[in-house]
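Undergrad: Predicted model and sequence below, questions to follow.
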Amino acid sequence: MTAFLTLVLRDIRLATRVGGGGGMAVFFFLIVLSIVPLGVGPDLNLLTRIAPGMLWVALLLSVLLTLDRLFQADQEDGTLDLLSLGPVSLELQVLAKALSHWLTTGLPLILAAPMLGLMLNLPISSMWPLVLSMAVGSPALSLLGAAGAALAVGVRRGGLLISLLVLPLYVPILIFGVSATRNAVISAPGDLGDRSLMLLGAVTLISLVVGPIGGAAALRANFK
Amino acid sequence: MPGGCLLPDPVTGANHYLMSWSIHTFANPTRFMALSGALLPYFWALAAAGIGVGLYLSFFSAPPDYQQGDSVRIMFVHVPAAWLSQFGYGIMVVSSLMALIFRHPLADVSAKSAAPLGAVFTFLALVAGGLWGKPMWGAYWVWDARTTSTLVLLFIYLGYMAVWATVEDPNRAARVAAVLALIGAVNLPIIRFSVDWWNTLHQPASVFRLDGPTIHASLLWPLFVVAVGFTFFFLAVMMVRMRAEILRRKVRTLQLQQAGSRHG
């Protein structure tokens, strides 16, 4: 347990000190959302209709951009080989990476989302559903993203490859997340927004299993 | 002799040769080359027969639909292609399992060979569906549940092929690709379910069935015959690709040996 926490804290420290983590992802989030109205026009009604979808798409893209650095530095300086000999299993290592990624990248994006939603004329009543659905769904993004990063570790310019591998896996999270945001204005139990949120939670729980196991298998496949 | 052992008869004491073969009987590349070389002409013949007869039935025997007229005949290419796209991914998943769990030597060759074929059939299903959609719904591309799921399947195929293309060491590529195929297999039902869900949200009233109206027996036969033809075509091309891959690896080994001996 201590070893696991040590790994998580190490990654958090590296992300905050070396930089290139949450700050740049939020900046990218901001820029992508800014060019959307430039592309579709400033009609506020149109922007309101597409706001939940665009916010989620921008979240996905921002997370994707930070994935290729997940295992890259450790693989380059040999830390990954050392850790594979250590007391923490590969599955827990991938879980630690995903947790630290979520804390340093996912969480800032979720906190920034409501304010950036104002740029797309997101109604105030949708902001809490947006934050809630992103909070439930973004761990899945980090977990599946970690598995994808593990698959492409050691490939030069692997960022694009990771995006190609991981985006199909992100489709359910996107669908349920947008549905939960859009339909949860009146969040009574059993209605559409509530159901979407439950399904989103289910996907996150599944990725809690598939992500670490798949990621560990991928790391083993890369270093056998 | 493949996988046999000597079993003494408890009564007479004479030795019986017990033939036991398993999937590892076919693990020897040389034996696979011999077996596939023998089977290939028959597979090609069955493929040609299936597709030829199927297309004849599709064009001349099946009646035109009372609503869609002759454009329903695109279904006889579209539906078997969709079936083959699923079949191709099934082969990839089974091969990947054999490669990772049983370390079967030819399993990764099988998966690598099946992937582009599955991708092509998926693409064919999408294009045929689009050509069918234009006379039926007035649009070349519709975002209904099955179209979207098939599109995501195509992306998964392409991602798998991208792994083989970008990872340099073929052994490493084989293992990484196998893991990816299995992760994709676990997620495919979830993706399928979520796309169906998404579609019911956005199209509450009308449900377009891409198969067309209820399938009559006269339409079913051409469908199955074309599907059988496509399957044998798939298997034949896959075997050709596997043979090519085995030869490619032999060449690579020889080249590495030659490079090593020149400098060693």
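TA: Right, received. Where do you want to start?

Undergrad: Spell out which residues of chain A are next to chain B.
TA: A:147, A:151-152, A:154-155, A:158, A:161, A:164-165, A:167-169, A:171-172, A:175-176, A:179, A:192, A:199, A:203, A:206, A:210, A:214, A:217-218, A:220-222, A:224 (CB under 8 Å from any CB of the partner chain). Yep, even glycine has a C-beta here, placed from its N, CA and C like the rest.

Undergrad: buried subset of those?
TA: Burial by neighbour count, 16 or more other CB atoms under 10 Å in any protein chain shown: within the residues of chain A next to chain B this picks out A:147, A:151-152, A:154-155, A:158, A:161, A:164-165, A:167-169, A:171-172, A:175-176, A:179, A:199, A:203, A:206, A:210, A:214, A:217-218, A:220-222.

Undergrad: Where is the longest helix in chain B?
TA: Looking across chain B with DSSP state H, the single longest helix is helix B:217-263.

Undergrad: For that one, give the mean pLDDT please.
TA: Average pLDDT, helix B:217-263: 89.

Undergrad: what's the answer for stretch B:43-56, then?
TA: For stretch B:43-56, mean pLDDT rounds to 91.

Undergrad: got the contact list for the residue of the stretch 1-150 of chain B at minimum distance from chain A?
TA: Nearest to chain A, among the residues of the stretch 1-150 of chain B, is B:L100, at 7.5 Å (CB to the nearest CB). Listed by CB atoms under 8 Å, 6 or more residues apart in numbering or on different chains, the contact partners of B:L100 are A:A217, B:R175, B:A178, B:V179, B:L182.

Undergrad: Mind doing that once more with 7 Å?
TA: B:L100 makes contact with B:A178, according to CB atoms under 7 Å, 6 or more residues apart in numbering or on different chains.

Undergrad: Look at B:G260 and say how many residues are nearby.
TA: When counting by other CB atoms under 10 Å in any protein chain shown, one arrives at 9 neighbours for B:G260.

Undergrad: With B:L247 as the reference, measure out to it.
TA: 20 Å (CB to CB, to the nearest Å).

Undergrad: Name the secondary structure element that contains the residue of the stretch 1-150 of chain B closest to chain A.
TA: Using DSSP states H and E, B:L100 maps to helix B:75-101.

Undergrad: Close to chain A: what parts of chain B are there?
TA: With CB under 7 Å from any CB of the partner chain as the criterion, chain B meets chain A at residues B:152, B:155-156, B:158-159, B:162, B:166-167, B:172, B:175-176, B:179-180, B:183, B:186-187, B:190-191, B:194-195, B:197-198, B:201.

Undergrad: 6 Å instead, please
TA: With CB under 6 Å from any CB of the partner chain as the criterion, chain B meets chain A at residues B:152, B:155-156, B:159, B:162, B:166-167, B:175-176, B:179-180, B:183, B:186-187, B:190-191, B:194, B:198.

Undergrad: among the residues you listed, which ones are buried?
TA: Those of those that meet the buried threshold are B:152, B:155-156, B:159, B:162, B:166-167, B:175-176, B:179-180, B:183, B:186-187, B:190-191, B:194, B:198, by 16+ other CB under 10 Å.

Undergrad: Okay, and which of those residues map to helices?
TA: Counting by DSSP H, those place B:152, B:155-156, B:159, B:162, B:166, B:175-176, B:179-180, B:183, B:186-187, B:190-191, B:194, B:198 in helices.

Undergrad: related to what we said a few turns ago, quick one: the residue of the stretch 1-150 of chain B closest to chain A from B:A162, how far?
TA: Distance from B:L100 to B:A162, by CB to CB: 19 Å.

Undergrad: Just name whatever secondary elements the longest helix along chain A is in contact with.
TA: Determined from DSSP H, the single longest helix within chain A is helix A:192-223. Judged by 3 or more CB pairs under 6 Å, 6 or more residues apart in numbering or on different chains; DSSP states H and E, helix A:192-223 is in contact with helix A:90-101, helix A:127-151, helix A:158-183, helix B:170-202.
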